[in-house]
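Mind looking at a prediction? Sequence and model below.
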Amino acid sequence: MGEKTVPILPCRTIRPVVDFYVALGFETTYLQKSPNPYAVVERGDIELQFFGLRQYEPAESYSTCYIHTEDVDGLYEAFRAGLKATYGRIPTRGLPRIGPLKEMSYGVRQFLVTDPGGNCLRIGQPTSAEQHHRPAPEETFARALHHASLFADSKEDPAGAASIIDRVLDLPDERPTPAQLLRLLVLRADVAGRLGDEKTAADALTRADQVQLTAEERESAKDDLRRLVDLRDRTVPEPPEPSG
């Protein structure tokens, strides 16, 4: 007999959470509004359950689960398309939001999705048989990108990420490659937006737009270029929650 783990996650109200997962392509297989709000959503082999907790604060949530997939790029594109169709744009900060698709230092390609209840889904696909953190790169700008990404996403410390990027971009005697510069600027714009520093975010996006890349560099930076488009689009006010 096989086993299956099903996370049971909190939220303040059930309906916005269910609507969000429907936008991602999930099916609502159970919904109880009272006396104890509860819902179950499923997409393929992924099953998530939610319970309502009136005193719950989504912005302070630490609830997380990891979802393994054999097609992280396909799932990422499907989620983005569903969010675009439902919200009119792809939400990249606040609640709900979807993060960038990234190659992680521990041999996984992954992205993060955070629902209206503040629950974070880490969705990843192994890219290496060695599933452990590799040493940080030695080269100056690769090392800065490594640590800034960890601060921005794993540690949820955008201010720390901003400090790393600002410091390395101000080095007097070293310059990043064009692809490294693009990645640094896109991440700087991202964390500036999270910190509410719209001027710095706009300046970083403008600088990123001006970086000249070869065809080979564009291919290697395709995830960052896609993130650049998302960050430009977020100048539109954040969308309201979809109605029930």
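Perfect, I can see it now.

all helices of the chain, in order?
14-23, 72-87, 140-149, 158-169, 178-194, 198-209, 215-220, 222-233 (DSSP state H).

What is the third one packed up against?
Using 3 or more Cβ pairs under 8 Å, 6 or more residues apart in numbering; DSSP states H and E as the contact definition, the elements that helix 140-149 packs against are helix 158-169, helix 178-194. Every C-beta, even on glycine, is put in place using the N, C-alpha and C of the backbone.

The fifth one now?
Based on contacts counted as 3+ Cβ pairs under 8 Å, 6+ apart, the elements that helix 178-194 packs against are helix 140-149, helix 158-169, helix 198-209, helix 215-220, helix 222-233.

Check these for me: which has the lowest mean pLDDT.
Comparing mean pLDDT across these, the weakest is helix 222-233, with a mean of 90.

roughly how far out does it sit from the chain middle?
Relative to its parent chain, helix 222-233 has a centroid offset of 12 Å by Cα atoms, centre = their mean, to the nearest Å.

Residues touching it, excluding its own?
Residues outside helix 222-233 that contact it (Cβ atoms under 8 Å, 6 or more residues apart in numbering) are 89-90, 92, 100-103, 182-183, 186, 189-190, 193, 201, 205, 208-209, 218.

cool, stretch 157-167 as well?
144, 147-149, 151-152, 184, 187-188, 190-192, 194-195, 200.

If any of those are buried, give me the ChimeraX selection for them.
Of these, the buried ones can be selected in ChimeraX as follows, counting by 16 or more other Cβ atoms under 10 Å:
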select :144,147,148,149,151,152,184,187,188,190,191,192,194,200
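
farthest-separated two in the contacts of stretch 157-167?
Pairwise distances across the contacts of stretch 157-167 peak at 19.2 Å for His147 and Thr200 (criterion: Cβ to Cβ).

winner for burial among the helices of the chain?
helix 178-194 (a mean of 24; mean count of other Cβ atoms under 10 Å).

ok so, going back, mind putting the helices and strands packed on helix 140-149 in CSV, distance to Asp115 included?
Formatted as CSV, the helices and strands packed on helix 140-149 follow (distance: least, Cβ to Cβ, whole Å):
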stretch, distance to Asp115
helix 158-169, 20
helix 178-194, 17
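
Out of the helices of the chain, flag the one nearest Leu48.
Leu48 sits nearest to helix 14-23 of all those, at 7.0 Å, using Cβ to Cβ.

Let me see the mean pLDDT of the closest one.
Mean pLDDT, computed over helix 14-23, is 97.
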